[in-house]
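Enquirer: based on what follows, work out the 3D shape:
(one chain, ligands or ions: 1)
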Amino acid sequence: MRIDVVTIFPEYLAALDLSLVGKARQRGLLDLRVHDLRDWTADRHRTVDDTPFGGGAGMVMRPDVWGRALDDVLGTAPPEGPAGSPSSPGGDSPPPGATTLILPTPSGEVFTQRHAEDLATADRLVLACGRYEGIDARVAEHYRTGGLDVRELSIGDYVLNGGEVAALVMIEAVARLVPGMVGNPESLVEESHGAAGLLEYPVYTKPPRWQDLEIPEVLLSGHHARIDRWRRDEALRRTARRRPEMIAALDGTALDKKDVAL
Ligand code: 6GU
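Expert: From the prediction side, this is the model:
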């Protein structure tokens, strides 16, 4: 998979050198490139924003700068100048295949595990991180009209200063679902927000007694059917308390006769 991030703060994305995503990059499973939006500015001050039409507080990011950047990174830019001219800041030509343009924004659809699963099947993701009051709305409209899959996505109901942290969240959630990226695919099976539609049950490890607290006895029983039953009931209880709307959303066939009464 190829992922490009365009931002005025490339340093924000340094965390992508670490952990699972960093290893996937080293192993060549993930081609991740971070670009500085200001490389596509045209003035001495490298301006990316301007005042909003219609008035109001704050600044809006200019569509012309974003258009040059995204055309270049997406590979929809007009042909380059004469041979020997400096190469574009976007680098060499992008791969063919399904591309999704993601615009992280607090006014987007809320990003869920379902979005992550869907985006993990794309060949290419391009994330355009806005700052200030956001990106001129014509940018999303232009690329959508051009036939690109454009997603405006929020990571939750709170406001961040820009799309960079949201981009980190989405990239990590997607990358761990790409085949080969997670060491043990079984760890994807029983997790929270997975197929069961429940939060995950509580987990325990050694030592068996800590701060006067013991682990639930059933986990030491070696009785796998009883352990599975206990875990499912704990997942149901926890979900009912913390996320009652997830219980309401379970389909009629999701609960069995032995499920704990909630
Ligand atoms: Cl994607 N961007 C910003 N600026 N704030 C957010 C967000 C995104 N998602 C939640 N809050």
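Enquirer: pull up the residues of the protein that are close to the ligand.
Expert: 104-106, 154-156, 158-160, 162-163, 166 (Cβ under 6 Å from any ligand atom). Just so you know, the C-beta spots here come from the backbone N, C-alpha and C atoms, and that holds for glycine as well.
Enquirer: pull out the buried members of those residues.
Expert: Buried residues within these, counting neighbours by 16 or more other Cβ atoms under 10 Å: 104-106, 154-155, 160, 162-163, 166.
Enquirer: ranges for the helices of the stretch 101-250 of the chain?
Expert: With DSSP state H, counting those that start in this stretch as the criterion, the stretch 101-250 of the chain has helices at 113-119, 138-145, 164-175, 224-242, 244-248.
Enquirer: elements contacting the shortest one?
Expert: Helices and strands in packing contact with helix 244-248 are listed as helix 224-242; criterion 3 or more Cβ pairs under 8 Å, 6 or more residues apart in numbering; DSSP states H and E.
Enquirer: output the contacting helices and strands for the helix it packs on.
Expert: Packed next to helix 224-242, using 3+ Cβ pairs under 8 Å, 6+ apart, are helix 244-248.
Enquirer: mind listing what the residue of the stretch 1-150 of the chain found nearest the ligand touches?
Expert: Residue nearest to the ligand within the stretch 1-150 of the chain (Cβ to the nearest ligand atom): residue 104, separated by 3.2 Å. By Cβ atoms under 8 Å, 6 or more residues apart in numbering, the residues touching residue 104 are 127-130, 153-155, 163, 166-167, 170.
Enquirer: what about the longest strand in this structure?
Expert: Counting residues, the longest strand found in the chain (DSSP state E) is strand 99-110.
Enquirer: and the angle for that one with helix 138-145?
Expert: 120 degrees (axes from the mean of the first three to the mean of the last three Cα atoms, to 10 degrees).
Enquirer: each with direction, which strands does strand 99-110 pair with?
Expert: strand 124-128 (parallel), strand 149-154 (parallel) (DSSP bridges).
Enquirer: most neighbours per residue, which of these?
Expert: Mean neighbour count (mean count of other Cβ atoms under 10 Å) peaks for strand 124-128 among those, with a mean of 25.
Enquirer: and the angle for that one with helix 164-175?
Expert: Going by the same axes, to 10 degrees, strand 124-128 makes 170 degrees with helix 164-175.
Enquirer: C-alpha coordinates for strand 124-128, CSV please?
Expert: Taking Å, rounded to 0.1, in the frame of the first residue of the first chain, the C-alpha atoms of strand 124-128 are listed here in CSV:
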residue,chain,number,x,y,z
ARG,A,124,-3.4,4.2,-2.3
LEU,A,125,-4.4,6.7,0.3
VAL,A,126,-3.7,10.4,0.1
LEU,A,127,-4.4,12.4,3.3
ALA,A,128,-4.7,16.2,3.0
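Enquirer: mean confidence score for that strand?
Expert: Average pLDDT, strand 124-128: 98.
Enquirer: now swap in stretch 60-71 and tell me
Expert: 98.
Enquirer: then stretch 20-35?
Expert: Per-residue scores along stretch 20-35 average to 94.
Enquirer: show me what counts as buried in that stretch.
Expert: 21, 24-25, 30, 32-35.
Enquirer: equivalent analysis for stretch 42-54, please.
Expert: Result for stretch 42-54 [16+ other Cβ under 10 Å]: buried residues 48-49.
Enquirer: from the rest of the structure, what touches it?
Expert: Contacts of stretch 42-54 (Cβ under 8 Å, 6+ apart): 8, 37-38, 41, 58-62, 64-65, 131-133.
Enquirer: again, 6 Å this time
Expert: With contact meaning Cβ atoms under 6 Å, 6 or more residues apart in numbering, stretch 42-54 is reached by 8, 37-38, 41, 59-62, 65, 132.
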